[in-house]
Every structure is written in structure tokens, then in C-alpha cells.
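Participant: Sequence first, predicted model second:
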Amino acid sequence: MELSEIASALIEGNRKRVQELVSLAIKEGVPPERIINEGLIAGMQVVGERFKNNEIFVPEVLISARAMHAGMDLLKPLLAKSPGILKGKIVIGTVKGDLHDIGKNLVAMMLEGAGYQVIDLGIDVDAEKFVESVKTYNPDILGMSALLTTTMPYMKVTIEALEREGLRDKVKVIVGGAPVTEEFAKEIGADGYAEDAGSAVELVNNLLGIKSA
Amino acid sequence: MELSEIASALIEGNRKRVQELVSLAIKEGVPPERIINEGLIAGMQVVGERFKNNEIFVPEVLISARAMHAGMDLLKPLLAKSPGILKGKIVIGTVKGDLHDIGKNLVAMMLEGAGYQVIDLGIDVDAEKFVESVKTYNPDILGMSALLTTTMPYMKVTIEALEREGLRDKVKVIVGGAPVTEEFAKEIGADGYAEDAGSAVELVNNLLGIKSA
Amino acid sequence: MKTRKIFKELAYPSKDEIIFGKAKYPLKCGFGVEIGNGKVLPEVNFTLPPMSIHENNFLEVRKRFRDIVNRILNRAVELEQEALVLELEHLYELTKNPEWGAVITSDIKGIMEEFNNKYGLKSALRVTVADIRDQERPPRMRTGELTEIMFKSFELCAKEGADILSIESTGGKEIHDRALLEGDMAGITFSLGVLGERDMEFLWKNIVDISKKYNVIPGGDTACGFANTAMQLSHQGMLPKVLASVIRLMSAPRSLIAIEMGAVGPLKDCAYENPILKIISGVPISMEGKSSACAHSSPIGNISSYACDLWSNESVQDVKLLSGFAPEVFTEILIYDCRLMNSAFKMGFEKKLRDLFILSDIYLDPQALVMSLDVAYESAKKILNNENNYQRTLELGKYAVFVIKNALENGKIKISEREKNWLYKIQEDLENLPQDYREIWERIYEDYKDLFLKEEYGL
Amino acid sequence: MKTRKIFKELAYPSKDEIIFGKAKYPLKCGFGVEIGNGKVLPEVNFTLPPMSIHENNFLEVRKRFRDIVNRILNRAVELEQEALVLELEHLYELTKNPEWGAVITSDIKGIMEEFNNKYGLKSALRVTVADIRDQERPPRMRTGELTEIMFKSFELCAKEGADILSIESTGGKEIHDRALLEGDMAGITFSLGVLGERDMEFLWKNIVDISKKYNVIPGGDTACGFANTAMQLSHQGMLPKVLASVIRLMSAPRSLIAIEMGAVGPLKDCAYENPILKIISGVPISMEGKSSACAHSSPIGNISSYACDLWSNESVQDVKLLSGFAPEVFTEILIYDCRLMNSAFKMGFEKKLRDLFILSDIYLDPQALVMSLDVAYESAKKILNNENNYQRTLELGKYAVFVIKNALENGKIKISEREKNWLYKIQEDLENLPQDYREIWERIYEDYKDLFLKEEYGL
Ligand SMILES: [Zn+2]
Ligand SMILES: [Zn+2]
Ligand SMILES: [Zn+2]
């Protein structure tokens, strides 16, 4: 079989077909790295492009993302043996006091679509939990979101906690959300700021020195 | 003669009459402190009140201020012997790169009217000149004005220069002008911020622990 | 539970009577303010600049609010504005700490009184309590501690000076948020038609009771968290505009329930579904449009004003612009917008101006189209035709599709191919939904059950 | 020196022809923009947030301007706006370093071109060079190094992409600033009527020459530093509104000189005297009003639009509001304002809307009254009746007094007692001024001689 068939099924959002094809590829002995890179991620990259080019909307992306997850679920058991094949690991969450998740979810979706492993801490995440997650997952990027002008200052609290724990240098911190600005990001010592979900992928690529598709 | 006559003449803006009456009072041996306080400043305080209560406009205040200056000119030679009778000394200027003077002049006028000695450094004043003026005049207050968003940052430069010269504790710094905010004033370490010319007097009174009329 | 008032006929038998500044049932409140009695008044909104709120800086927060209000009222006096409404829209912290919200309310009311005494400036205060129930997931909409705190906040604010109570309620939003991103019409319809209804009944019974107790006005609600979220996501290119348009109409029956339970207006500014509710009930409405661009972009900047009784800027942070702080700047803009509308009455020219507002936007975006007077009027009729809220919701969704398709076919509006595809998809999805809400419940329960607690909706 | 064109008759024989969106002599410029040809377009202004500009952060400054312009144009595309004008109003630094101003100009023009290619968005760029000559006191208006640099800035910006050149010139301001605070009508009249005239002739000859050389449009000037300073000080309670009103009319002959020397519009937004100049010359004008509340409060928010061809927000800092940055927010507001006016043409309703704009403000403030169509039209006639600029200025001052007194006597407007006293004082002062400028020169020379260099005005 051609791995591009997996990509096509994923682009169509056909979850069942993706699962079938991934199973088949596993059986045929294709290395999981290749299935992921040439099948799933290749497909999601097309989806991401189409979204970026205003050809499709979020619901279509979500359906494809689900198909990708279904494929990944089959590959996960094999992946444990060959970690690090994804482009990078990202921990993401909405800061304490803030329960908005639509924006954060969109960012997570875009990043996953671009081939990143995303660990979503959810909403109302306090500094401690962010710090713990850095210790536990050792991510490349820590992303914080805030939609409220009153919770946005909590991003600084989190960065200070990372500093206190001596973890600040181990992870790049990015921030976003309606009230956040580039200046604010600089001011609190974040490594990057994304104006919207779309540009978050580009930002992460840049920070990790990965060329955008 | 009654010193209140001087005040009345001043309120009317009658410069000539103020000069006559002040000369007369000097001749009669009235101490200059009393002429100033009970004559000139008392009159200017009424003028200031009327302005504050929206009874008169700036041109009327200016005419009275001129009458006061005329009276002061006669008293100055005597004053050298008894300094410090005014409520306080204020150095004021528009910061470097900024040539707006209307706002600054209004503030100077209001402060003089309220009984302060005002030394006006003019416009386009650099940090060095502000520093020199503190050394030369030893003022209670240093006031900086900026009307441009691009020159406002220069206020910080001046404060840093004062710090470098070890003069920061010797003088209270106040700032104002259209783009300036209370937060900005705090941020750069100023002691006070006035939203408009009217409130500058109140601010100075407060900073120097003087009760407003 | 208090019985809902079911409207049997439209408050306006003729479409042409609908006009800004005049409501069938005007209101008097605050310091001499009359709403919907022949003049459009500004409703000025304001919020803090980015800053956290906690015990240690609460004095600073109070001062900030006082400064904001002083500046707004000063500007109103300078511009010879005779009356206006202020809205204090709670930040979460102000509701979560009911005393805080009450103190700010009382501070603001005090300043309003001062200005009334000193300059004769008429003003009224709307306090919009935050729906903090969704700060817990899944939210406990009736029994949680947050619910109690929220009602306490209503009480204290009513006691301390609010003239009008409002809320942007979130019943069903926990499902809607996901259904929206997935474009799932079943989830959307269930959220607005079933969960929304149940929560609105519960919530507004309580708000109306509190209002009676303190003799204040139960204002109104909004589908902000639903229809405006859709509008914003479509603005960002995330969702189709046709979806946002359909949801806009579908949100009207839900928002109407506040009135059916006893709310009397002025309805909440960000509820673009308000004209429909005014047509049905005759209560005065607040609207926002071009002069709320500070809070969000919208394709309905002018059209949204055709039936407004209050004209609002939605929300603006207290940040400095060249001429002063943003809240006073937007006060000035609102005042001029209102002057224009009110001057039209003097020239006998108000209906032409109303039509002009509509013509300005109607064919540039389907979201404007579904807000137009004709569509609103038909929507109002359709709501009265059917007492079942789920069916009303479904019906209005289908009607929105019909209106857009019709305009497309007549060459009145243009939309992209992908938008067209979505329009057909939405139509199909809506047509496939059952007429009985229990059937839809079965269809989607599995998908959404983790997100909400059915007991909290009496289900 | 180039001879001035002296207008012998009004461009509009009938008052009723004056309307927003239509000028007798429309212009084409930039990427397909037509000004004054049947539609009002937004003119969007923007400036940096508080920050200094120096060599070390110039890249940041450039990026900031690019970001601003990208956001503005994006918003225009989103709202289906087909055309707009941008104004880059130089901060002093951009003129003082002509290369900097030119680079920013070129950056902006490049983005405009991109949007034109990608979306068909039409746009034109006005560059307003700062009058830096007054950065030296007393200013050397003709011979100083700053004068040279300023003209170099005009040249480079014209070369690098400006479509329209403008300036807010300051000839005579060194005297006017003091005369204003002292309420000295002699100084004010001398400044506007004599010094202003001489500087406008000198300055605009050069700007028109540069415009020809680079094939760009010589736009227009404004009495901003005079009449708007007076308006702002009266707004702050420093000066009487009647004084600001009188100065407004007195500033018109001065601003007209730009056109007499070859400027063809669009005249500068902040010149509220523009309607008079449009009536005389037929050139398109930019105006600002309620939607420039971001830059300054004004009592003429609606009335100022009755004859506009461009509608501007004057200036707004690039600070973040809830929905985005302030320049894009004001772009949206302007777009809706323009949509309303342009839709009026579709309904055959434009003259009624014009009258509505006037009615909205006319009797609430004498500054609005003197801007009204009737007064502007009479003022235009009075200007044509007399070729002597000093006498024109004096004449319009007296006419302003007459108009206000008349309205007072007819009970049309209300002003405070202290304003009334000032009105009589101004009237008396103006009546006591000589008809010959050389006499006034003698009267005031001693008072003001330290402030200005007469050779720099050819005196
Ligand atoms: Zn809302
Ligand atoms: Zn200007
Ligand atoms: Zn401007």
C-alpha cells in the first residue's frame, strides 16, 4: 500500500478508513515513524494548508484531527519504543481564574495538525500545575492562554514560578489570547507571542528552528 | 492703607494701581512678607478661585498675574534679604525634543498664582539642564511637561540623570502633559502626576504638605 | 416554578412602527432616566485595563472605577447630553466576591447622584452580574456554591444601587462551545432549544424575584456566549458566516424566555437578536454596532441600530488615547450617534434614517441580512406560531437558511463557495433533526454527556 | 514668487449643491482611488504608542508602522470596503530625518500595493510632513536649516510613494500662541491675517513645485495650530468658546491660500474651516468629527461631516483595545460612518442626511453654529468680496460675532454670562482694529517682536 492513501483518507476526514489503512501498514511492517510522517502528518499538513488558505473551516479540520487521533491510537503502543519522532512536545493550558477554552483548543488543534505532540492541561491551570507539567513531560514549549484582562497577569506569576524552580531555561514559553500583546509578552519575559491560532504554529516552528511547510 | 486694596487692584487686573499701592506700602514700612502674602498672594488666590469656579478664563488670570509680577518687581530688591517667604520653589520645563509650551505656561501661571516661586526653564530642556537647575535653585519641586508620545519617555531619562547625580532625594518630581498617565508617572518613579493645569496646584500643595485655599 | 407569560400577539401589529428610540413599554429608572420614550440614549460600558483584582489592590480597583465614571459623566455634561445609562459589567472577581461588586456599584451610584445634583445629568445604572456558574466544569447550574454566590451578588448589587439587573447567561454553553466548533447542528439546537430554555426559566425566575424584592428593573439577557461567539469565530475565519447567521436567529427564542419570565428591558446590548424580542414584547432594547468596534468587529455596525432604545459600546478598557481615556472617548462617539437619531425625530425623518441604517449593511453579510427588519418581523411571527421552545429554535434555524438561500438566488448577496456548501449542509442537518426534543436528546446524549450535568437542568 | 489664483466666484452657485461625497473637482490617485466623485471614503490616521524614536529602535518603529497598516487594510477587506485613504502624519523625528520618513512611506505604500494586488483594495497615501520650523525659537520660517530639511522630507516622501502631500503649517503661530492666551484680538488677527498669509504663500509655492516635480497631489493645509488649539483650550475651560468660534472663521482665509497657490485637495482632515474652502474652490475635503474623539473631544461631531469627501479619525495611537488595536477599531467605525452616507445616495436621501448632520449640533455650541452650511456659505461669499487677506480675516471675525449674537438674540443658542461678556469684548476689539495691516503692525510690534523674525516673513 501507499502511505499517501492514509493521508488522503485523513484529508477526507474518514476516520474508519484511516484506521483500516494504518492497521494494514502496521501489518505490512512499515515502521511507525513512516506511517506517522508520510501518512498522518502528511495528511494533516494538507488539511492545515487548506485551512490557512481559507478553503475549509475549523469543523473540517476537527474531523480530520479526529481521524488522525484514531490512527495514532493504533500506533501509540509501538511508539513507546521510538519516542521523539514528532516534531516537538508542547504543554498548553489556560491560566488560573480563566476558564475559556475555545481559543486554547484551536491552538492545540493547529499544533497537533502541524505534527506536534500536545499535552493539554485544560483551563484554570495554576502556576504549580504548569511547573509540575514541565517537570513531568519535559516539553519543548509551554503555552499559556488568557482571555481576560484580569487573568492575563497570571502569566507572569507562572513564569516567575518557573524561574524559582530553575526551570525557566529548560522550556520556551509562549503566550496568547485576546488581551495579550507582543509588548506584554516581552515585558513578562515570554519567548514568544502569537496573535491567533494560525500564527501559533509558525511561532512554534520558528522557536524550535523548524521550517514551516 | 489696607493691604486688601492691593489684592483688589490685582483682582481687577489693574497693574498700574497695584504698582502704586505696593510702592506706597513699602514707603509706609510694611514688611515685604506682609505685602506679598496679604496683598499680592491674597489677590491671586481669589483670581485662582474664580478661575477654578469657572467664573473667568485664562486671559483674565494672565492680566492679574502680570499685575502681580509688576508688584513683585518692586519687592524683589527687598526680598533678597528675607528669602523663603513664598510657599515653595518650583522649577518647570518641557522636555527635550518637545517645544510645546502652552500647557507648561498654564501650569506655571497657576502655580505662581497659588503663591509659588516658579522658575521656567522653557521648552526643549535636556536632562543636563534639569540637573543643573536643581543644583542651582535647590527647588522643592521639579516639573516636567511633554505633549508628544515620542518625547514623554525623556522624562525617565531626566529622572535617571537626577539619580546618577545623587539629587533624586532632594527634589520631588512631577510630570504632566496630554499623553502622560498616572501609571506612567509611577512607572518612571515620579512623585506625582497632574491631569491638567488646574490639578497641578493641588498636587504641589499635597506634595509639600500645604493646605489648599 | 413561576409560569411563563406566553405572548399571543406581536406588540407591533405593523412592521413600520418599529423604530429606534420608541418602545411600546418605556421604562423610568435611576435619576430621572426614561428609556424607549422617544429618545435613544447612550449606554456606556467600561472595564479595567489589564490588571489582576485581589484584596491587596482592591482600593486601587475602586479608585479606577470611580475615575472612569467621573470622566464619562464629565464628558456627557460637556457635550450637553441630558441623560445616559451606565453599565457595570462584572468581571468574574466582582461577582465571586459579592461585597466587592456591591461596593463598586455603590461607588458608581454615588458619583451619578453627585452629577445629578450638580448638573442635572440624568443617569441610570445597569449592573450585569457575571454568570460564574461555568467556572466549574461541568457546571452546577442550580445547586452549586457558585450559583448561590451569583444570586447573592445580584441581591447585594440591587441593594447598593443597581437600577437594572442583567446577565449574559451561559445555560447550555458547555455543550454549545463544542457543538459550534464541530458545526454540529444537533448539539447547537439541543443547547439553545432545550438546555438554554430550562436554564433561562430557572435563572430568570430568581432574578425577577430579586428585582421585585429590591424594587429594581429586571433588564434582560443575551445569547452572547452562543451567537456572538459564533460571530467572532466566523469573523476570524474559523467558522462559516452562514452558521453564525443561523445561530443568531436560533438564539432568539432562548433570549425571549427572560421576558416571558418577567424581564422588562432594557434588553442587553450585545443581544443582536433583540429586535425580534422588541417586536414580540414591546420592551425597550439596548443595541451595539459600529461604536462597539472597540470590543469586537462586526458586520452589522449600522443595521443593528434600527430599533435600539439604548446605544452601547459593549465594552472598552480604561486605556489612554490621545484625547483622554477610551471610556470617555466612546461616550462621546455614542452621544453623537444618539444625537443623529434623535435629531431625525425633529425632522420627521426617523423612519428614513432607520431604513438607511438597514440598507447600509443588509446585503454585505448574511449576518446583517438575518437581522434586517423584514426578517426580524417574520421571525417574531414564527416564534408566536409555536409555543414549544425546541421547535421554535429549530424553526428559526430553518428560516435563517431560507432567507439566505433566497437572497442568494435573487442575487442580493454574495457568499463564497465554501460558505454555500455549508449553507446546504446546515439546511440538510436541520431538516434531519426530529421535532421532538426527546429524540434529539437520545441522539446526542452519548456525545456530550461528559460536558454537562442533566440534573442541573431538571432533566 | 508664483502668483496666487484669485477666486472670482464660488464653485457652488447654489448652497444646496454642497454635499458630502461630491466635489466639483474630484481627484484620482493612488491605487485607483477617486475622491469626491460620489462616495465618501475613510481616511485612516494612526500613530505610534508612547515610545521614543531613535537610530537604535528604528527597525522596531518600521515594523510597528507596517503592523498597523496591515491590520487597517485587513479590516477594510473584511468589511468589504472598496477604497480608503491612509494618512501618515509625520512625528517630528520622521521629518527631521527625511530618510526615515521616506522609508516608512515606502513601507506603507508597499503594503498598500500588496493589498491592491491580492484583494483589489483601492487605496491612496497622504503624507503629512511635520512643520519642524517651529522647533527653533524664534523660528526661521524661510532660511533655517530646518526649513531645508522639511522640504527635503517633502521631496523624499513624494519620491517614495506619497500620493498626496499635506502639512499643518505654523506660520504666525509663534505670535498666535501668546495672543490666544491673552485673548488679544490684534495679535490673533495679525498672526492669521498677515504672518499666516505670507508664510502660506512661501510654503505652498514650494510644496506645489515639489508635487509637480514628482507628479503627486498637493493636498492642503489646516489652521490646526490656531483654531484647533483654541477649540481645545476652550474645551478645557481655559478660553471662551466664542473666542474659539471667532478664530475658526478667521482662519479660513489663511487656509484658502494653499488652494490659491495650487493645492487641489483633499484638504486636511482637522481643518474645520474646510467647507468654506470647498464652497469657494470646489476641491474635495477631508473632515473629522465624532469618530476623531480618540484624538480630541469636539462640539462638532456630526455637523463636521456635511460636506466631507474623506472622513477621518484624525489620529489614534497603536494601543490595544479588547477587539484589536485602536487604528483598526477606528477604521471600522469610519467605514460604517461612510457606509451610512453612501447608502443615503442610493435612497436619494443624501441632502436630508446632510441637514440632519447639521441639525444635530448646530445650536448646542457656537463653534458648531459657525460651521453650519448657511454660515459657511456666507463666509465664502465674504471672502470673495475682498482680496486683501488681512481684511478678509478681520471681516470673518466680525461676521462670526454677528452670527453668534444673532442666534443669541433669536434664542437659538444659549451661552453663559461670561461667554457673553467675551463676545462683546471681542466685538469691540475687532471693531477697533484698523483696516490697514500696517497700522496693526505698529500697534503690536513692540509686544511681540521677541517672538518672531520679521525677515522670515518678508516684512
Ligand atoms: Zn456580551
Ligand atoms: Zn491637526
Ligand atoms: Zn491628522
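Facilitator: Received the coordinates, thanks. Numbering: from 1, shown residues only, chains lettered A, B, ... in the order given. Ligands and ions are numbered 1, 2, ... in the order given.
Participant: how close does C:Leu239 sit to C:Gln435?
Facilitator: C:Leu239 sits 26 Å away from C:Gln435, going by C-beta to C-beta, to the nearest Å. Using the backbone N, CA and C atoms, a C-beta is placed for each residue, glycine as well.
Participant: who has more neighbours, these two?
Facilitator: Counted by other C-beta atoms under 10 Å in any protein chain shown, C:Leu239 and C:Gln435 do not tie: C:Leu239 has more neighbours, with 23 against 11.
Participant: I'd guessed the more buried one sits against C:Ala230; true?
Facilitator: Yes - if you go by C-beta atoms under 8 Å, C:Leu239 and C:Ala230 touch, sitting 6.2 Å apart.
Participant: List the buried residues in stretch C:403-413.
Facilitator: Under the neighbour-count criterion of 16 or more other C-beta atoms under 10 Å in any protein chain shown, stretch C:403-413 has C:403-405, C:407-408, C:413 buried.
Participant: Can you tell me the element C:Leu394 falls in?
Facilitator: Using DSSP states H and E, C:Leu394 sits in helix C:389-409.
Participant: So which elements touch that helix?
Facilitator: Contacts defined by 3 or more C-beta pairs under 8 Å, 6 or more residues apart in numbering or on different chains; DSSP states H and E place helix C:389-409 against helix C:185-190, helix C:241-250, helix C:252-260, helix C:366-369, helix C:373-384, helix C:417-431.
Participant: want to throw the buried residues of stretch C:403-413 into JSON lines with pLDDT and distance to ligand 3?
Facilitator: Formatted as JSON lines, these follow (pLDDT from 0 to 100; distance: C-beta to the ion, whole Å):
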{"residue": "C:Val403", "pLDDT": "98", "distance to ligand 3": "42"}
{"residue": "C:Ile404", "pLDDT": "98", "distance to ligand 3": "41"}
{"residue": "C:Lys405", "pLDDT": "98", "distance to ligand 3": "45"}
{"residue": "C:Ala407", "pLDDT": "98", "distance to ligand 3": "40"}
{"residue": "C:Leu408", "pLDDT": "97", "distance to ligand 3": "42"}
{"residue": "C:Ile413", "pLDDT": "96", "distance to ligand 3": "36"}
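Participant: Now distance to A:Lys129 too, for those, in JSON lines please.
Facilitator: Shown next, in JSON lines, are these (distance: C-beta to C-beta, whole Å):
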{"residue": "C:Val403", "distance to A:Lys129": "47"}
{"residue": "C:Ile404", "distance to A:Lys129": "45"}
{"residue": "C:Lys405", "distance to A:Lys129": "48"}
{"residue": "C:Ala407", "distance to A:Lys129": "50"}
{"residue": "C:Leu408", "distance to A:Lys129": "49"}
{"residue": "C:Ile413", "distance to A:Lys129": "48"}
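Participant: list residues touching both of C:Leu239 and C:Ala230?
Facilitator: Common contact partners of C:Leu239 and C:Ala230 (C-beta atoms under 8 Å, 6 or more residues apart in numbering or on different chains): C:Leu180.
Participant: Domain parsing of chain A, as residue ranges.
Facilitator: Domains of chain A are assigned by automatic domain parsing as A:4-79, A:89-207.
Participant: need these in JSON lines with distance to D:Asn45, mean neighbour count and mean pLDDT, can you?
Facilitator: Below are the domains of chain A laid out as JSON lines (distance: least, C-beta to C-beta, whole Å; neighbours: other C-beta atoms under 10 Å in any protein chain shown; pLDDT from 0 to 100):
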{"stretch": "domain A:4-79", "distance to D:Asn45": "30", "mean neighbour count": "19", "mean pLDDT": "90"}
{"stretch": "domain A:89-207", "distance to D:Asn45": "21", "mean neighbour count": "20", "mean pLDDT": "91"}
